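Peer 1: Compute the structure for the input listed below.
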Amino acid sequence: MLGEYVSATAVSTATNFIMIQETAFTRTYRTYIKLRENGPLEMKFWHSNVVDSTWDMGAVAQGSMPGGQWKIESVYVAVSQEERDGSVVPGSGTPITFEGEYTKHVQPGEQFWSDAVTINVLPGRDLVFTWTLTTEAAGKSFPYNTEGLLVSAYAAEGRRASEESGASFTALENQLVLPAFIGYKRQVKHRMIFLGDSITQGVRTRKDGYEYWAARIADGLNTEYSVWNIGSGWARAYDAAADGSWLVKASQGDYVAVVLGVNDIDIGARSSEELLEDLTAIVRKLKQNPEAKPQIILFTVPPFNFVEQREEIWRTVNETLRTRPPEGVDYVFDIAEVLSCAAPDEHRVQQKYMSNEFDPHPNGEAGKQVADAFLKWFKGKSLYF
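Peer 2: Residues are numbered from 1 along each chain as shown. Sure, this is the predicted structure:
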């Protein structure tokens, strides 16, 4: 599916929500993205008009829900100023086309590529992706990710994709509206994909800090390893086990790290048997890809301060993953061992790794510890070559 193009960033591009408004609108979205490599890059953008994973209880958005009809009015990539203030470097903007056209009508569930474009993003600067989208009618339209933002993002009413100033733009708090894949042309030895939930996405870490473990692992690998982060807030294993758009993305890797289970145990209220069945189904379906023949790295379920029955489920699942992982799993990485308190409180996250005293989402220091442990483990297993 991805061909010669690999992920250009560690920012997650998964979707867990869908835009629903009472009237049609035209709006411009601008996002700042740190690239893994700088310099002149040939880039292409792929999009899937489908929600990847379920948000909350699924009242609004469920995994594999198709988006509605909408239109891309225009798209530009540009280079950031020193400050991520909504503006771009004057003269750096380059328009993106789709089969030679500047506009694109998007149908429900459609998947499509942009044409290639070359842009030179100097070290220390970000790629700025800006597009103007028009909804065809009231109701649901395009999928996006709703969470506390990890990158600077802005929106402005109307057609403003080509504007260099940030004067018309307002900062966003929880709407990341991006293509499903931000790629650049490069030969790599391996494609690594991280399939997970908000912990993989990096939720609660510092905006534009790239402190979460997936980003730190990307920094610790040389760029002959591509890293595509498709962690998604509120996601659960049964979203991926359903074999929809999200798992299709994961199947593009030759290393696929699966980091799921927290939301299954929590809001999903799954039993240990159900969660293990879903993880087994994910592994089996990934292994069926004859092109990638992926190596599956299954993470233990991170601690999330579960209590009572949920704690017991967490313990049962992790003991099984450590001793009798699903058939097809090539390696098990014990993320819980890194983040957990000492026995008998293994189900709890060490306080120093929590986002705050009440929120067990891992903070930036936890991201460093997990990344350091993973990279040491990965290279020690002779997987790094």
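
Peer 1: So, low pLDDT: which residues of the stretch 51-200 of the chain?
Peer 2: Scanning the stretch 51-200 of the chain for pLDDT under 70 picks out nothing.

Peer 1: Please enumerate the strands of the stretch 201-350 of the chain.
Peer 2: Taking DSSP state E, counting those that start in this stretch, the strands of the stretch 201-350 of the chain run over residues 225-229, 255-259, 295-299, 331-333.

Peer 1: what mean pLDDT does the first one have?
Peer 2: Regarding strand 225-229, the rounded mean pLDDT is 97.

Peer 1: roughly how far is it from the heart of the chain?
Peer 2: Centroid separation for strand 225-229 versus its chain: 10 Å, with C-alpha atoms, centre = their mean, to the nearest Å.

Peer 1: Run me through the strand neighbours of that strand, direction for each.
Peer 2: Strand 225-229 pairs in its sheet with strand 190-196 (parallel), by DSSP bridges.

Peer 1: The closest residue to Asp85 other than its chain neighbours - how many residues pack around it?
Peer 2: Closest residue in space to Asp85, ignoring its immediate chain neighbours: Gly166 at 5.1 Å, by C-beta to C-beta, 6 or more residues apart in numbering. Bear in mind the C-beta positions are built from the backbone N, C-alpha and C, glycine included. By the measure other C-beta atoms under 10 Å, the count of residues near Gly166 is 19.

Peer 1: was I right about Gly166 contacting Ser152?
Peer 2: No: with contact defined as C-beta atoms under 8 Å, Gly166 does not reach Ser152; the gap is 10.3 Å.

Peer 1: Tell me which residues touch the nearest residue to Leu321 once chain neighbours are set aside, please.
Peer 2: The shortest distance from Leu321 to any non-neighbouring residue, by C-beta to C-beta, 6+ apart, is to Thr300 (5.2 Å). If you count contacts by C-beta atoms under 8 Å, 6 or more residues apart in numbering, Thr300 has them with Asn318, Leu321, Arg322, Val332, Phe333, Asp334, Ile335, Ala336, Glu337.

Peer 1: one step back: secondary structure element holding the residue nearest to Asp85?
Peer 2: Counting by DSSP states H and E, no helix or strand carries Gly166.

Peer 1: Pull up the gap between the residue lying farthest from the centre of the chain and Phe306, please.
Peer 2: Distance from the C-alpha centroid of the chain, by C-alpha atoms, centre = their mean, peaks at Pro344 (33.1 Å). Applying C-beta to C-beta, to the nearest Å, the value for Pro344 to Phe306 is 14 Å.

Peer 1: same question, Met57
Peer 2: With C-beta to C-beta as the criterion, Met57 and Phe306 are 19 Å apart.

Peer 1: Compare those two (neighbour count), which wins?
Peer 2: Taking other C-beta under 10 Å, Met57 and Phe306 do not tie; Phe306 has more neighbours (19 against 10).

Peer 1: Surely that one is in contact with Trp314?
Peer 2: Yes: between Phe306 and Trp314 there is a contact at 4.9 Å, judged by C-beta under 8 Å.

Peer 1: Between the two, which contacts overlap?
Peer 2: Counting by C-beta under 8 Å, 6+ apart, the residues touching both Phe306 and Trp314 are Ile265, His347.

Peer 1: rewinding a little: next, format the strands of the stretch 201-350 of the chain as JSON lines and append mean neighbour count.
Peer 2: What follows is the strands of the stretch 201-350 of the chain, written out as JSON lines (neighbours: other C-beta atoms under 10 Å):
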{"stretch": "strand 225-229", "mean neighbour count": "25"}
{"stretch": "strand 255-259", "mean neighbour count": "25"}
{"stretch": "strand 295-299", "mean neighbour count": "22"}
{"stretch": "strand 331-333", "mean neighbour count": "18"}
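
Peer 1: Now tabulate those strands in CSV and tack on distance to Asp115.
Peer 2: What follows is those, written out as CSV (distance: least, C-beta to C-beta, whole Å):
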stretch, distance to Asp115
strand 225-229, 21
strand 255-259, 29
strand 295-299, 33
strand 331-333, 38
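
Peer 1: Show me the one of those that comes nearest Gln69.
Peer 2: strand 225-229 (27.4 Å; C-beta to C-beta).

Peer 1: and for that closest one, what are the contacting residues?
Peer 2: Here strand 225-229 has contacts from 6-7, 10-14, 36, 181, 186, 188-194, 200-202, 214-215, 217-218, 221, 249, 252-253, using C-beta under 8 Å, 6+ apart.

Peer 1: The same query, at a cut-off of 6 Å, please.
Peer 2: By C-beta atoms under 6 Å, 6 or more residues apart in numbering, the list of residues contacting strand 225-229 from outside reads Val6, Ser7, Ala10, Ser12, Val188, His190, Arg191, Met192, Ile193, Phe194, Ala214, Ala218.

Peer 1: Tell me the spacing between the residue farthest from the centre of the chain and Val248.
Peer 2: In terms of C-beta to C-beta, Pro344 sits 41 Å off from Val248.

Peer 1: What residues sit buried inside stretch 155-167?
Peer 2: Within stretch 155-167, the residues scored as buried using 16 or more other C-beta atoms under 10 Å are Ala155, Ala156, Arg160, Ala161, Glu163, Glu164, Gly166.

Peer 1: Out of the residues you listed, which comes closest to Pro362?
Peer 2: Ala155 (28.6 Å).

Peer 1: continuing past the particular helix or strand that has that closest one in it, what's the next helix or strand?
Peer 2: Ala155 belongs to strand 153-157 when assigned by DSSP H and E. Where DSSP H and E defines the elements, the next helix or strand beyond strand 153-157 is strand 170-171.

Peer 1: tilt between the very next helix or strand once past that following strand and strand 225-229?
Peer 2: As assigned by DSSP H and E, the chain's next helix or strand after strand 170-171 is strand 181-185. When axes from the mean of the first three to the mean of the last three C-alpha atoms, to 10 degrees is applied, the directions of strand 181-185 and strand 225-229 differ by 170 degrees.
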